[in-house]
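**Q** Got a predicted model here, sequence first, then my questions.
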Amino acid sequence: MYYIKKRIEVSGSHYLTLDYESKCAGLHGHNWYITVFCKNDVLDGNGMVVDFTEVKRLVKGKMDHKNLNEMFDFNPTAENIARWICDNVPFCYRVEVEESFGNTAVYERD
């Protein structure tokens, strides 16, 4: 099995729709640190699981310097963002989304 890991920094804003009062319901921003893990038992014709540049394009190209509520059709929690990335990056099986120091959500495909 071949594995790659790509760490990306993304600046973006969002607000959360919650069923309780929270300061996160107001528009605010983060410097998100996102780690994408991919694996495959074969390499492509270039000798890669997936090109690191493609992973960056798919994640940073969608999210960087954007209001995430305008980019996604779901409540942009760190957990939901991790799932979206995992679903949209080829061969991805795990994503870690750190929205602030000490606050990390992880999505891992079974």
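**A** Perfect, I can see it now.

**Q** any idea how far the residue lying farthest from the centre of the chain is from Asp51?
**A** Taking Cα atoms, centre = their mean, the residue of the chain most remote from its mean C-alpha position is Gly45, at 26.2 Å. Between Gly45 and Asp51 the computed distance is 12 Å (Cβ to Cβ, to the nearest Å). All C-beta atoms are positioned from the backbone trio N, CA, C, and that covers glycine.

**Q** cool, and Asn40?
**A** Distance of Asn40 to Asp51, computed by Cβ to Cβ: 13 Å.

**Q** what do you get for Glu99?
**A** To Asp51, Glu99 is 26 Å away according to Cβ to Cβ.

**Q** of these two, who's got more company?
**A** Glu99 (21 against 14; other Cβ atoms under 10 Å).

**Q** who's in contact with that one?
**A** If a contact means Cβ atoms under 8 Å, 6 or more residues apart in numbering, then Glu99 has His30, Trp32, Ala78, Ala105 as its contacts.

**Q** Report how many residues lie close to the first one.
**A** Which is His30. His30 has 17 neighbours, counted by other Cβ under 10 Å.

**Q** where does this structure have low pLDDT?
**A** Applying pLDDT under 70 to the chain flags no residue at all.

**Q** Break down it into its strands, ranges please.
**A** Ranges of strands within the chain are 2-14, 28-40, 66-67, 92-100, 103-108, based on DSSP state E.

**Q** what pairs with Gly29 across the strands?
**A** Judged by DSSP bridges, the bridge partners of Gly29 are Ser13.

**Q** can I assume it is in contact with Val10?
**A** No - using Cβ atoms under 8 Å, Gly29 makes no contact with Val10, being 10.5 Å away.

**Q** These two: which has the busier surroundings?
**A** Each of Gly29 and Val10 has its neighbours counted (other Cβ under 10 Å); Val10 has more, 21 against 13.
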